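Engineer: here are the coordinates; sequence isn't available:
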Ligand SMILES: *Cc1c(COP(=O)(O)O)cnc(C)c1O
């Protein structure tokens, strides 16, 4: 079996089912090609991608500028490890620091690794700068968070499917309700060992929960009051997805640590990072942290190209405009609909709430019907369907997608 042999969709699914661990419940569609907002299956059927690989492909599939940067670098130098310098990483670090307004970057590969990195830096900062007694640091997190899949990260998840039978769990986390400033202040006030507050500016995996206006700015102010680091996980919300370069930009907040991943590469390659100013990042010295692949020259070349595309093509502005249009169009349909109760979101990170219980299969069946009608999306939690197309979409394409979604939902009207 060679890479060039063409499999039917049926055969591809059978192979994964037999030889792959069953750690995903994938929608039955086998993709073999992508371009911009479109993907094609193994039989050549074309779809709108309305997931964008969980917002990794904000710049669109196989963006020519990103592919060009990647292939040129792949033919020149792919990996040196950080045992040596490479001539691409510094350029990426400078570009990212200037883009997001930080002194320093620490490059990693996946989102979960970047979250782990931020947690480690936060703890070390607490011991060395804040004066927390050794091994006593606490980090505040939110209920229904999603920050990745490592042992430590699932330790502070409250999703039973992600957690059960993976213990013992890492200690040092305090869980509070999301979008609740009273709970945050209570947690900050009642414990002198709090080092940081880790938060998603919008809870994506949980079902696109947008907090109350002002929540992030007030949470940041509380963190300042109690000398605690405000850590924003923008792995999903960052890089123009919500209509600004970062979701925290909507409230003019500068996190003490910023975590990026996913669209930092435009989906071409695993690239993630943590950004912070010197007073925080300087707690990390040689040997304290690292990654064989983190900061490799291909990642660096891809990362610069991916950020340039976002700026050159005005993707934040486009996400803002198309997001408003999307919610306005769906809000015309929802009052007369028995199947959808609400649409919510910011920019092009949106979700609809299906009028059925969390354990029903209605949302899954809607996604199967959307697939048949040429649009790919996936339920997040039971009865919530996330809609997050690539940000390179045009107005005409978006209206075409709205028509597909409404036509499909009408098939499910009771
Ligand atoms: C996807 C995601 C992660 C984890 O990223 P991986 O690359 O899958 O490890 C972390 N935080 C948020 C908010 C995410 O959406």
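Structural biologist: Okay, I see it. Since the model is a prediction, treat every value here as computed from it, not as a measurement.
Engineer: leaving out sequence neighbours, find the closest residue to the residue nearest the centre of the chain.
Structural biologist: When CA atoms, centre = their mean is applied to the chain, the residue found nearest the centroid is residue 236 (1.8 Å). Leaving aside its sequence neighbours, residue 236 sits nearest to residue 204 (CB to CB, 6 or more residues apart in numbering; 4.1 Å). Where C-beta positions appear, they are placed from N, C-alpha and C, glycine not excepted.
Engineer: give me the number of residues near that neighbour?
Structural biologist: Residue 204 has 25 neighbouring residues, counting by other CB atoms under 10 Å.
Engineer: gap between it and residue 347?
Structural biologist: Noted for residue 204: a distance of 12 Å to residue 347, by CB to CB, to the nearest Å.
Engineer: other residues contacting stretch 71-85?
Structural biologist: Here stretch 71-85 makes contact (CB atoms under 8 Å, 6 or more residues apart in numbering) with 86, 88, 290-298, 300-302.
Engineer: ok and the residue in the stretch 151-300 of the chain nearest the ligand?
Structural biologist: In the stretch 151-300 of the chain, no residue comes nearer to the ligand than residue 236, which is 3.2 Å away by CB to the nearest ligand atom.
Engineer: are we agreed that that residue is in a strand?
Structural biologist: No. Applying DSSP: H, G, I helix; E, B strand; the rest coil, one finds residue 236 to be coil, outside a strand.
Engineer: so what's it up against?
Structural biologist: 54-55, 200, 202, 204-205, 262, 349.
Engineer: could I get the residues you listed as TSV with distance to the ligand, pLDDT and secondary structure?
Structural biologist: Shown next, in TSV, are those (distance: CB to the nearest ligand atom, whole Å; pLDDT from 0 to 100; DSSP: H, G, I helix; E, B strand; the rest coil):
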residue	distance to the ligand	pLDDT	secondary structure
54	5	97	helix
55	7	98	helix
200	5	98	coil
202	9	98	coil
204	5	95	coil
205	6	94	coil
262	6	98	helix
349	10	98	strand
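Engineer: okay, now the nearest residue to residue 58 once chain neighbours are set aside: neighbour count?
Structural biologist: Setting aside the residues directly before and after it, residue 58 is nearest to residue 263 in space (CB to CB, 6+ apart), at 3.9 Å. By other CB under 10 Å, 31 other residues sit near residue 263.
Engineer: residue 263 and residue 411: what is the separation?
Structural biologist: Distance from residue 263 to residue 411, by CB to CB: 32 Å.
Engineer: with residue 31 instead?
Structural biologist: From residue 31 to residue 411 the distance is 24 Å (CB to CB).
Engineer: neighbours of residue 173, how many?
Structural biologist: The local packing of residue 173 (other CB under 10 Å) involves 18 other residues.
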